[in-house]
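[1] Could you work out the structure for the sequence below:
(one chain, ligands or ions: 2)
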Amino acid sequence: MIIVLRPDATDDQLQHLVEVIQQAGLQAHVSAGTERTIVGAIGDESKIRSVPFTAIPGVESAVPILKPYKLAGRSLHSERDRIMVGDVVVGGDEVVVVGGPCSVEPNDSLLLTARAIKKAGATILRGGAFKPRTSPYDFPGLGEEGLVMLDEARQETGLAIVTEVMDTRDVELVYRYADAFQIGARNSQNFNLLREVGKFDKPVFLKRGMSMTIKEFLMSAEYIMAQGNPNVIMVERGIRTFETATRNTLDIAAVAVLQLETHLPVFVDPSHAAGDFRYVIALARASVACGADGLMVEVHPNPEKAMSDGAQSLKFGKFERLMGEIAPVAQSVGRTVRPPMKES
Ligand code: PEP
Ligand code: MN
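    Ligands and ions are numbered 1, 2, ... in the order given. Prediction:
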């Protein structure tokens, strides 16, 4: 921590600041310039992180040196992570594509979608059994029945499955069925939920909250990791801005920033960013070009009948097109995309 004193700070105020630092078990290194005095607090910065330095008389500002996200950050761990979701490697050379309907519905749309996305080259199936809906009158998901349907789709296709968990009381149930948890944008600062999934050994797709800074996003990952679960996959899904042409504003720069700041894999969900199927493929291409390790895309056999997020869901043909269009982009940035399966 570097602490800058006000120009009019007195010697007594400097002495008091030095005592505060020393009492916390750190060394105070005083550097007196002609106009300003600067004090370096040397040692375990975590011991003074909660000290409100600017409330101490004579202090103008305090700048931490270390990043607060010790586990998620790259200072202690520079190698990029590879995380297994079922038997799919996330964070390797291959850009991993997760596809599937927004919700698991009481019909055959999940199974039909699972077959179609697999054929197109996706390796992980998504589908919400517990849905965070803005209106309490909207379809809330099928609960455990939806988890059973995800499991059946996995058994038939061999795809790994990821599904959202919204409540600490459901974490164990979701763990029994899914290969990975999803924490949604609306719950990404639900610290009890983050701690709970942190106690399990399956990966977590952590969505960025709609009003979350990148630093706060990394701190949410830190919550999960601090409980012992290192397998967090960051998912940029657009943030709220003044723009209304899209549902959210895809913060494409967040992909580049996260790739520098963390060793965790970084995904993009172009569907929730766009809110409109017509923009999804372009945002997917941009994401891969920017260095995303994977994509999460909503796909539905008949979007006009979808029980949630139909407007942003791709039909099977469009999803195949997406896979085809990201392949050369991936190649241009040294990555690969799984090719479509050959017709048998
Ligand atoms: C979803 O994936 O269907 C979803 C609700 O996403 P988000 O939490 O990003 O809004
Ligand atoms: Mn959705």
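
[2] which residues in the stretch 1-150 of the chain form strands?
    Listed in chain order, the strands of the stretch 1-150 of the chain (DSSP state E, counting those that start in this stretch) span 2-5, 27-32, 37-42, 59-63, 83-85, 88-90, 96-100, 124-126.

[3] nearest to residue 296, of these?
    Using C-beta to C-beta as the criterion, the shortest distance between residue 296 and the strands of the stretch 1-150 of the chain is 4.3 Å, found for strand 96-100. C-beta coordinates here come from the backbone N, C-alpha and C atoms, glycine included.

[4] Show me the contact partners of that closest one.
    Contacts made with strand 96-100 from outside it, assessed by C-beta atoms under 8 Å, 6 or more residues apart in numbering, are listed as 85, 88-90, 110, 113-114, 117, 120-127, 162, 205, 267, 293-299, 319, 323, 326, 337-338.

[5] Kindly report the same for stretch 26-38.
    Defining contact as C-beta under 8 Å, 6+ apart, one finds that stretch 26-38 is touched by 2-5, 7, 9, 14, 17-18, 21-22, 39-45, 47-48.

[6] ditto for stretch 248-257
    With C-beta under 8 Å, 6+ apart as the contact definition, stretch 248-257 has outside contacts at 208, 210, 214, 217, 236-241, 243, 266, 268, 270, 272-275, 283, 286-287, 290-292.

[7] Among these, which lie within strands?
    Judged by DSSP state E, those include 236, 266, 268 as members of strands.

[8] where's residue 163, which helix or strand?
    When elements are defined using DSSP states H and E, residue 163 is found to belong to strand 160-164.

[9] quick one on the thing from earlier: for ligand 1, which of the strands of the stretch 1-150 of the chain is the nearest?
    Of all the strands of the stretch 1-150 of the chain, the one in closest proximity to ligand 1, counting by C-beta to the nearest ligand atom, is strand 124-126 (6.9 Å).

[10] what does the closest one contact?
    Strand 124-126 is touched from outside by 85-86, 88, 96-101, 110, 113-114, 117, 150, 153-154, 157, 159-163, 179-180, 182, 296, 298, with contacts defined as C-beta under 8 Å, 6+ apart.

[11] One more pass at 7 Å, please.
    Outside of strand 124-126, the residues that reach it under the criterion C-beta atoms under 7 Å, 6 or more residues apart in numbering are 85, 88, 96, 98-100, 114, 117, 150, 153-154, 159-162, 296.

[12] now do stretch 102-110
    100-101, 127-129, 131, 139, 141-142, 146, 149-150, 153, 298, 300-301, 306-309, 313.

[13] residues in contact with the residue in the stretch 151-300 of the chain that ligand 1 sits nearest to?
    Here the residue of the stretch 151-300 of the chain nearest ligand 1 is residue 184; by C-beta to the nearest ligand atom that distance is 3.0 Å. Contact partners of residue 184, counting by C-beta under 7 Å, 6+ apart, are 132, 164, 166, 207.

[14] mind checking how far it is from residue 314?
    Using C-beta to C-beta, to the nearest Å, one gets 20 Å for the distance from residue 184 to residue 314.

[15] Which elements pack onto the helix or strand following the strand holding residue 163?
    Sequence-wise, the next helix or strand beyond strand 160-164 is helix 171-177, with elements assigned using DSSP H and E. Using 3 or more C-beta pairs under 7 Å, 6 or more residues apart in numbering; DSSP states H and E, the elements in contact with helix 171-177 are helix 144-157.

[16] Give me the buried stretch members for the helix it packs on, please.
    By neighbour count on 16 or more other C-beta atoms under 10 Å, the buried set for helix 144-157 is 146, 147, 149, 150, 153, 154, 157.

[17] closest to residue 77 among these?
    Among the buried residues of helix 144-157, and counting by C-beta to C-beta, the member closest to residue 77 is residue 154, at 31.1 Å.

[18] from memory the closest one sits against residue 148, does it?
    No. Using C-beta atoms under 7 Å, residue 154 makes no contact with residue 148, being 10.7 Å away.

[19] Would you mind listing what in the stretch 51-200 of the chain touches ligand 2?
    If contacts are counted using C-beta under 5 Å from the ion, the residues of the stretch 51-200 of the chain sitting beside ligand 2 are residue 102.

[20] coming back round to it: okay if I get the buried residues of helix 144-157 as TSV plus pLDDT?
    What follows is the buried residues of helix 144-157, written out as TSV (pLDDT from 0 to 100):
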residue	pLDDT
146	98
147	98
149	98
150	98
153	98
154	98
157	98
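
[21] so what's residue 234 closest to, chain neighbours aside?
    Of all residues beyond its chain neighbours, the one nearest residue 234 is residue 266 (4.9 Å), with distances taken as C-beta to C-beta, 6 or more residues apart in numbering.

[22] Repeat that for residue 57.
    Here the nearest residue to residue 57 in space, its sequence neighbours aside, is residue 13; by C-beta to C-beta, 6+ apart that works out to 5.1 Å.
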